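Student: take this sequence and fold it.
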Amino acid sequence: MTGTVGVFVRSTLFALAQAVATPLFWVIAMLTFPLPLIARYRVISTWSRLMIFLARTVCGIHYRIEGREHIPQRPCIVLSKHQSAWETLAFQIIFPPQVWVIKRELLRVPFFGWGLAMLKPIAIDRGAALRALRMMAAQAHDRLERGFWIVVFPEGTRTASGTHGRFHVGGAWLAAQTGAPVLPVALNAGELWGRHAFLKYPGTITVRIGAPIAPQTRKADDLNREAESWIRSQMNDITGMARDRTGTA
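Tutor: Take a look at the predicted model:
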């Protein structure tokens, strides 16, 4: 099935499958409450693996990873471009067990937010800047000591393909506070699975991982600028590469 009609049909099938699977997985997630955090993560992240499987088999969304050799053995802080819901799912496959720095209000989103709360994300209140920073630092130390990675989208929200938002310094500040390396990541997922978009196009997403940036003796602003500069340069290289222009998967 090709062309716009095929994309619409495939996207509809994906949405229906997601609508059926999500409440079922939410029930499973609630049953994991007595388990240790890592066990909860293993079970709940199965939903993300299923969504990526459906994106590939139903919508024709594939991906390739460049720079996998840069992924360190020790927990680190991932600073990533954010274009799509796709990476919030795929990162749970690409990287070791992780928590995200998120806006507190996301925890109130039905099913998704409720399940996310079970994984102890670092949820911040942007209306209380100083208190939020202190809470972030304490929670980041705790999660890193438990062996979890921390994922931060420094632009704060999804950006359309070909655009950039302002890089907030919070993720780099956490690295400076905790001593965890910064791992910069560029990706072009928004070309296939756009921000707030229903249609999901076939193609191959590139996830490009940079070399870890050591935070020792570095100021947060310097770390942030280096990560932003690397990500932007890589985005210039990979933007426009993802979509299968034939319309087929």
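
Student: by mean pLDDT, flag the weakest helix or strand of this structure.
Tutor: helix 112-117 (a mean of 77; mean pLDDT, DSSP states H and E).

Student: report the central residue of this structure.
Tutor: Centroid check for the chain by Cα atoms, centre = their mean gives Thr88 as the closest residue, at 3.1 Å.

Student: just say helix, strand or coil for that residue.
Tutor: Three-state call for Thr88 (DSSP: H, G, I helix; E, B strand; the rest coil): helix.

Student: please renumber the chain so that the first residue is 41 from this point on.
Tutor: Sure, I'll start numbering at 41, so the last one becomes Thr128.

Student: which other helices and strands contact the least confident helix or strand of the chain?
Tutor: helix 43-71 (3 or more Cβ pairs under 8 Å, 6 or more residues apart in numbering; DSSP states H and E). Glycine gets a C-beta too; all of them are placed from N, C-alpha and C.

Student: next SSE downstream of the helix it packs on?
Tutor: Next in sequence after helix 43-71, counting helices and strands by DSSP states H and E, comes helix 77-97.

Student: and the least confident helix or strand of the chain, what's buried?
Tutor: 152-153, 155-157 (16 or more other Cβ atoms under 10 Å).

Student: dump those into JSON lines; add distance to Gln138 as well.
Tutor: Formatted as JSON lines, these follow (distance: Cβ to Cβ, whole Å):
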{"residue": "Phe152", "distance to Gln138": "16"}
{"residue": "Gly153", "distance to Gln138": "17"}
{"residue": "Gly155", "distance to Gln138": "15"}
{"residue": "Leu156", "distance to Gln138": "12"}
{"residue": "Ala157", "distance to Gln138": "15"}
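
Student: between those residues, which is nearest Lys259?
Tutor: Leu156 (31.4 Å; Cβ to Cβ).

Student: now do the closest one against Pro150, distance only.
Tutor: 11 Å (Cβ to Cβ, to the nearest Å).

Student: ramachandran coordinates for the residue lying closest to Trp213 once chain neighbours are set aside?
Tutor: Closest residue to Trp213 apart from its sequence neighbours, by Cβ to Cβ, 6 or more residues apart in numbering: Ala260 at 4.1 Å. The phi/psi pair for Ala260 (degrees, to the nearest 10) reads phi -60, psi -40.
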